[in-house]
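J.: Below are the sequence and a predicted model for it; my questions follow.
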Amino acid sequence: MSFVSTEFSYAGKKSSDLPIKVYLVQIGNTTIETPVSGSKSMEYDEVAFSDKITYKKTKMDLMQFKIIISPLDKEWTDNLRYEVFGWLGSRTPQEFRSSDNEGKLVYGIFTNAISLKIINKTQGYVELDFQATTPYWLTEVLESEVIDCTTASPSTPITFNVNNLSNVIHPKYDWDCFYFPKIFIDLKNNTTNFKLINTSDGNRETSFTNLTANEILFIDNDLEKIETQSGALVLSKFNENFFRLVKGNNIIQCYYPCLIQFVCQFPQFT
């Protein structure tokens, strides 16, 4: 992600869409900065009478950066102020993208009190502080093609690949860039079982037994949430291994007839 472009978008609107165009003048104070991630800090206990510490975990702070905007025609008209401050004044996190790489985004709000710095009556600029909801950037929401596993069986599983594009260490595990996707599962052929094995993750198994025949499931593996179309409660039928992807290419096997779709939005330091 780079901040060289003179355009950005926020809340689904590009700066160039305004009646009077606004452009990105500068990141930071005197140089163009490229925000990569939030800062990190260790949480630890101090050891009495020792220079050593007992490490507990690493905490990542939310990503923050500054942008400075000025009207393209160099004048802050009343109409421009109305449009810009209404556009950037959301109280809930909105999507922000730089036009340098519109495939990367972050969600957040502009946090500082907006102050228009006037130079010559109607000319001037506004400094904006942005705080993200994550310590890193995100890819687009990526929906895989529907994967046809309708001929799968325990003796002849269907094998397919899913690529984990994240390069962010997972906060719970702290040793791999695990990613927990959302999965839609549509059981077929009157099957009541479901099983996935990620051979790239030490043959980790995610499975259900004795479901309603032809059940449709939605699993948010990150939030550990399972929904079914029938409304049946299925936690007692679940092996409690929420599905995860290791960094890079994952070779996955499906053992019962179904259609599967993965939905991912990968975190990235870039």
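T.: Cool, got the structure. Residues are numbered from 1 along each chain as shown.
J.: Below-threshold pLDDT in the stretch 101-250 of the chain: ranges please.
T.: Applying pLDDT under 70 to the stretch 101-250 of the chain flags the ranges 121-122.
J.: Try it again at 50.
T.: Across the stretch 101-250 of the chain, no stretch falls below the confidence threshold (pLDDT under 50).
J.: That one: strands as residue ranges?
T.: Taking DSSP state E, counting those that start in this stretch as the test, the strands found in the stretch 101-250 of the chain are 104-110, 116-120, 123-132, 137-139, 142-143, 147-148, 158-164, 182-187, 194-198, 204-208, 216-220, 225-228, 248-254.
J.: hey, where'd the helices end up in the chain?
T.: Taking DSSP state H to define them, one finds helices in the chain at 78-88.
J.: How many residues are close by Glu240?
T.: Neighbourhood size, Glu240 [other C-beta atoms under 10 Å]: 8. Where you see a C-beta, it was placed from the backbone N, CA and C, and this is true even at glycine.
J.: Lys182 versus Leu223, what's the distance?
T.: Distance, Leu223 to Lys182, by C-beta to C-beta, to the nearest Å: 9 Å.
J.: So for the two, which residue has more residues nearby?
T.: Neighbour totals were compared for Leu223 and Lys182, and Lys182 leads with 19 against 10 (other C-beta under 10 Å).
J.: one step back: using TSV, lay out the strands of the stretch 101-250 of the chain together with distance to Phe238.
T.: Converted to TSV, the strands of the stretch 101-250 of the chain look like this (distance: least, C-beta to C-beta, whole Å):
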stretch	distance to Phe238
strand 104-110	30
strand 116-120	55
strand 123-132	33
strand 137-139	28
strand 142-143	24
strand 147-148	21
strand 158-164	20
strand 182-187	12
strand 194-198	9
strand 204-208	5
strand 216-220	9
strand 225-228	7
strand 248-254	16
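J.: Minimum distance to Asn79: which of these has it?
T.: strand 116-120 (14.0 Å; C-beta to C-beta).
J.: The closest one: partners in the sheet, and parallel or antiparallel?
T.: strand 123-132 (antiparallel) (DSSP bridges).
J.: CA atoms of the strand it pairs with as CSV?
T.: C-alpha atoms of strand 123-132 as CSV (Å, rounded to 0.1, in the frame of the first residue of the first chain):
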residue,chain,number,x,y,z
GLN,A,123,-7.4,29.0,0.4
GLY,A,124,-6.2,26.5,2.9
TYR,A,125,-6.1,22.9,4.0
VAL,A,126,-7.5,20.4,6.6
GLU,A,127,-5.5,17.9,8.6
LEU,A,128,-7.4,14.7,9.3
ASP,A,129,-6.4,11.9,11.8
PHE,A,130,-7.7,8.5,10.8
GLN,A,131,-8.0,5.5,13.2
ALA,A,132,-8.7,2.1,11.8
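J.: Pull out the buried residues from it.
T.: 124-128, 130-132 (16 or more other C-beta atoms under 10 Å).
J.: Please apply the same query to stretch 138-155.
T.: For stretch 138-155, a neighbour-count test (16+ other C-beta under 10 Å) marks 138-139, 144, 147, 149-150, 152 as buried.
J.: For these, give me a markdown table that also has distance to Ser15.
T.: Shown next, in a markdown table, are the buried residues of stretch 138-155 (distance: C-beta to C-beta, whole Å):
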| residue | distance to Ser15 |
| --- | --- |
| Leu138 | 20 |
| Thr139 | 22 |
| Ser144 | 32 |
| Ile147 | 39 |
| Cys149 | 45 |
| Thr150 | 47 |
| Ala152 | 49 |
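J.: ok, of the residues you listed, which one's closest to Gly103?
T.: Nearest to Gly103 among the buried residues of stretch 138-155, counting by C-beta to C-beta, is Thr139 at 6.7 Å.
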